[in-house]
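J.: just a sequence and a predicted model for now, questions to come.
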Amino acid sequence: MNKELALAIDVVRPLVYVVGEEEYKIVSDIVSKFIKDIDKKCDTNCGRCTECLKAVEKSDIEIFIYKTTAGLMSYKEWVMEFEKDIKPKFQLFQETLSEIAKVTPTNKRTLYILLDVDTYLQDTSSNINYIRKLKDIALNFYHDQNNIRSLIVLSSELAVPRKLQRYEEVIFYSLPTSEEIAQKVNQIVDDYNSSVSSASKKISKEYDPSVMLGLKGLTLFETEQITLTSIKRHKKLCADEIKAFKKSILRKTNLLEIVETDLSFEDVGGMEPVKDWLSKREGVWTEEGIKAEIPQTKGLLLLGITGCGKSHLSKAMARQWGLPLISLNMSRVFSPRVGESEANFLKATKTIESLSPCILFIDEIEKGFAGSQSSTFSDAGTTARVIGNFLTWYQDNELPIFIIATCNSIQYLPPELVSRFDEKFFVNIPSTRERAAIFDICLKRYKRDWRKLNISPTQLADKSALLTGREIDQVVKASIVEAFYEQRVKNKGKDKKDLTTVDLRQDHIEKVLFNKVPILKTMEDDIKYLVQWVGWDEDKKDGIRANYANRREEDEKDDINKLLNDVLSSKEDYIKGWHNKGSKK
């Protein structure tokens, strides 16, 4: 049982709000707490079987449960509602609160559990009577010295009106533990094995580690559903079936989306330091890593100018690690309605947790988290609260969820967010060698063998100084179009020639390169600020505030090294100049 809820019950908190996905489990946990020391209960202490119901009657607890479809019922009526075909009674919520408020002398402790009443607790004028009544009940329960009573609101959605914040304790009920999941799976497998006579058809309990790891983050209800489905389809527990089920969870929300990718590290030119860093941490979430008590790596921040391959590397990493890549769009989290932004973020994190182990991808994070300092004046503190919630969740989360974020403008991120990441890498303009590798990758991507076409990626790299990886990809695509157009012009008026194999030459690429204007020319201040912010440690040959994702080779005398050296050796304080420029505006 959740320790916070157990403590709240023990100290007789009059009003408790429990946020959880599985009401049957939570209610059963509450019941089990009071009948654990009573004889003649079932071995599992389920709280729902005949033995447990008898134990509840013998206990010193009396439980009533309210739901909108059946009104206020005793715990036994709630358990037997569908088995005994108990006819539900329609009861308005206001009437239920009035009934709860009545003092009925009893020598037992009384718990009232209200299911899914968050709609009545939204901070709106139409709910003012419900909120006032709950406040009165909480105060009456607190001051009643003769009867021990508590009210527990149980819902998957959090809705705490401002007028109840000082009287209500909020508890988040965690997802099932590995032991609870294993117990549920074993129970289902035992039931299946008892139904088949042939020993060869029975399912072994020595499960693949990837199966139990994949079930982590799911509710017991979801675990049961996917286990039954997997047994029905495959006659075993199948890891791929679990992955497919987890992907289907994202269809139920518009806050997140899964990013399908076939990229690998071989499809990313350069950035060897980042690849090495990620490769060393691959597998820390596996059973082997957990048994060895390897600390979980929580996050990586990739900062740099646009088009240098930050998102590309993030997608490649997901395939390299064999984990789903979940994209969080912060613009969908924020809402103009009061409290909805925080609620949306809570929904997103709960969904992400149910998909673990996974990689959470936040592209251009500064656009979603900018403006925290002015949030009090611009949006009544909504942005600041969401950032605070993110930082708390990031710090406290113990599930295998790796966050990789990209950033183009580091100056807009709050320092407390930047410092949370395990490592920060500055993705710079690719060096000459990296540009050659990128030309090689792009030509292969568009099915052009540069060896057969007598094209030299090295020579092209020398002529493409200051281009980003995205711009090199654009150059290759434009060159193929140029070659196609040239071939069409040559064959105009003649017999049609098969154009499915367009002959690409080096001069086609060089022609496009000659006319290509690097994006760096339009954002010189940005790159200067970033380089100055990152800094340079001459002793370790790397950045100060972030490590360089691109190796700076001493023998590469290209324009990007010249630019870096000029900026780093300049007496002008670009960071100070940037902030002064902003303050003047």
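T.: Structure received. Given the structure is predicted, the values throughout are model-derived calculations rather than measurements.
J.: point out where this protein drops to low pLDDT.
T.: 39-41, 43-45, 82-89, 338, 371-380, 493-502, 552-585 (pLDDT under 70).
J.: contact partners of the strand or helix carrying residue 191?
T.: Using DSSP states H and E, residue 191 sits in helix 178-195. With C-beta atoms under 8 Å, 6 or more residues apart in numbering as the test, helix 178-195 has contacts from 176, 202-203, 205, 207, 212, 215-216, 218, 220, 223-224, 227-228, 231, 237. Yep, even glycine has a C-beta here, placed from its N, CA and C like the rest.
J.: closest one of the residues you listed to residue 347?
T.: In terms of C-beta to C-beta, no member of the contacts of helix 178-195 lies closer to residue 347 than residue 218, at 16.2 Å.
J.: mind listing what the residue nearest to the closest one when sequence neighbours are not counted touches?
T.: Among residues not flanking residue 218 along the chain, residue 354 sits closest, at 5.8 Å (C-beta to C-beta, 6 or more residues apart in numbering). Going by C-beta under 8 Å, 6+ apart, residue 354 touches 175, 217-219, 222, 246, 249.
J.: where does the spatially most central residue of the chain land in three-state SS?
T.: Nearest to the geometric centre of the chain sits residue 352, at 3.7 Å (C-alpha atoms, centre = their mean). When classified by DSSP: H, G, I helix; E, B strand; the rest coil, residue 352 comes out as helix.
J.: for residue 229, same thing?
T.: helix.
J.: any idea how far it is from residue 212?
T.: 16 Å (C-beta to C-beta, to the nearest Å).
J.: after the helix ranked longest in the chain, next one along is what?
T.: For the chain, the longest helix by residue count, based on DSSP state H, is helix 469-490. For helix 469-490, the succeeding helix or strand toward the C-terminus, using DSSP H and E, is helix 506-515.
J.: residues of the helix or strand following that next one that come out buried?
T.: Proceeding N to C from helix 506-515, the next assigned helix or strand is helix 524-534, under DSSP H and E. Buried residues in helix 524-534, defined by neighbour count with 16 or more other C-beta atoms under 10 Å: 526-534.
J.: same deal with stretch 448-459?
T.: 448, 450, 455, 457.
J.: now do stretch 46-57
T.: Those would be 47-48, 51-53, 55-56, for stretch 46-57 by 16+ other C-beta under 10 Å.
J.: quick one, helices of the stretch 1-150 of the chain?
T.: Taking DSSP state H, counting those that start in this stretch to define them, one finds helices in the stretch 1-150 of the chain at 3-10, 23-35, 50-58, 75-79, 93-101, 128-143.
J.: using a markdown table, lay out the ones you listed together with distance to residue 68.
T.: Shown next, in a markdown table, are the helices of the stretch 1-150 of the chain (distance: least, C-beta to C-beta, whole Å):
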| stretch | distance to residue 68 |
| --- | --- |
| helix 3-10 | 23 |
| helix 23-35 | 13 |
| helix 50-58 | 24 |
| helix 75-79 | 13 |
| helix 93-101 | 7 |
| helix 128-143 | 13 |
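J.: residue 403 is nearest to which of the ones you listed?
T.: Here helix 3-10 is closest among those (C-beta to C-beta), at 25.8 Å.
J.: distance from that closest one to the middle of the chain?
T.: Computed by C-alpha atoms, centre = their mean, to the nearest Å, the chain-centroid distance of helix 3-10 equals 29 Å.
J.: show me what that helix is packed against.
T.: For helix 3-10, the packing partners by 3 or more C-beta pairs under 8 Å, 6 or more residues apart in numbering; DSSP states H and E come out as strand 15-19, helix 23-35, strand 169-172.
J.: okay, buried residues for that helix please.
T.: 4-5, 8-9.
J.: out of the residues you listed, which is nearest to residue 149?
T.: residue 9 (11.7 Å).
J.: about what we covered before: any chance of the buried residues of stretch 448-459 in JSON lines with distance to residue 489 and secondary structure as columns?
T.: Formatted as JSON lines, the buried residues of stretch 448-459 follow (distance: C-beta to C-beta, whole Å; DSSP: H, G, I helix; E, B strand; the rest coil):
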{"residue": "448", "distance to residue 489": "20", "secondary structure": "coil"}
{"residue": "450", "distance to residue 489": "24", "secondary structure": "coil"}
{"residue": "455", "distance to residue 489": "21", "secondary structure": "coil"}
{"residue": "457", "distance to residue 489": "27", "secondary structure": "helix"}
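J.: my guess is residue 332 meets residue 253, correct?
T.: No: counting by C-beta atoms under 8 Å, residue 332 does not reach residue 253; the two are 9.2 Å apart.
J.: residues near the residue lying closest to residue 389 once chain neighbours are set aside, how many?
T.: Sequence neighbours aside, residue 345 is the residue nearest to residue 389 in space, at 5.5 Å (criterion: C-beta to C-beta, 6+ apart). Residue 345: 21 surrounding residues under other C-beta atoms under 10 Å.
J.: residue 345 belongs to a helix?
T.: Yes: counting by three-state DSSP, residue 345 is part of a helix.
J.: show me the domain layout of the protein.
T.: 3-172, 178-252, 257-427, 432-520, 523-584 (automatic domain parsing).
J.: span of the second one from start to end?
T.: Counting by C-alpha to C-alpha, to the nearest Å, the length from the leading to the trailing residue of domain 178-252 is 25 Å.
J.: same deal with the fourth one?
T.: Between the opening and closing residues of domain 432-520 there is a gap of 16 Å (C-alpha to C-alpha).
J.: from the middle of its chain, how far away would that domain be?
T.: 39 Å.
J.: for residue 25, see how far away the nearest residue to residue 4 once chain neighbours are set aside is.
T.: In space, and not counting its chain neighbours, residue 4 is closest to residue 171: 4.8 Å by C-beta to C-beta, 6+ apart. Distance, residue 171 to residue 25, by C-beta to C-beta: 14 Å.
J.: and these two? which has more neighbours close in?
T.: Ranked by neighbour count (other C-beta under 10 Å), residue 171 and residue 25 place residue 171 first, with 21 against 18.
J.: and stretch 482-495, what's buried?
T.: 482-483, 487.
J.: over to stretch 130-145?
T.: 130-131, 133-135, 137-138, 141.
J.: show residues contacting that stretch.
T.: By C-beta under 8 Å, 6+ apart, the surrounding residues in contact with stretch 130-145 are 14-15, 93-94, 97-98, 100-101, 103, 120-121, 123, 149-151, 161, 163-164, 167-168.
J.: quick one, phi/psi of residue 460?
T.: phi -70, psi -40 (degrees, to the nearest 10).
J.: that one contacts residue 510, correct?
T.: Yes: in this structure, residue 460 is within contact of residue 510 by C-beta under 8 Å, at 7.4 Å.
J.: who's more crowded, the two?
T.: Neighbours per residue, other C-beta under 10 Å: of residue 460 and residue 510, the larger number sits with residue 460, 25 against 16.
J.: let me see the contact set for the more buried one.
T.: 435-436, 439, 506, 509-510, 513 are the contacts of residue 460 under C-beta under 8 Å, 6+ apart.
J.: repeat that for residue 65.
T.: Counting by C-beta under 8 Å, 6+ apart, residue 65 touches 27, 72-75, 78, 112-115.
J.: 10 Å instead, please
T.: 23, 27, 71-75, 77-79, 81, 111-115, 152, 154 (C-beta atoms under 10 Å, 6 or more residues apart in numbering).
J.: give me the buried entries from the residues you listed.
T.: Counted by 16+ other C-beta under 10 Å, those give 23, 27, 71-73, 75, 77-79, 81, 111-115, 152, 154 as buried.
J.: how close does the residue nearest to residue 389 sit to residue 382?
T.: On the measure of C-beta to C-beta, residue 345 and residue 382 end up 10 Å apart.
J.: between these two, which contacts overlap?
T.: In contact with both residue 345 and residue 382: residue 334, using C-beta under 10 Å, 6+ apart.
J.: can you confirm residue 386 is in a helix?
T.: Yes: per three-state DSSP, residue 386 lies within a helix segment.
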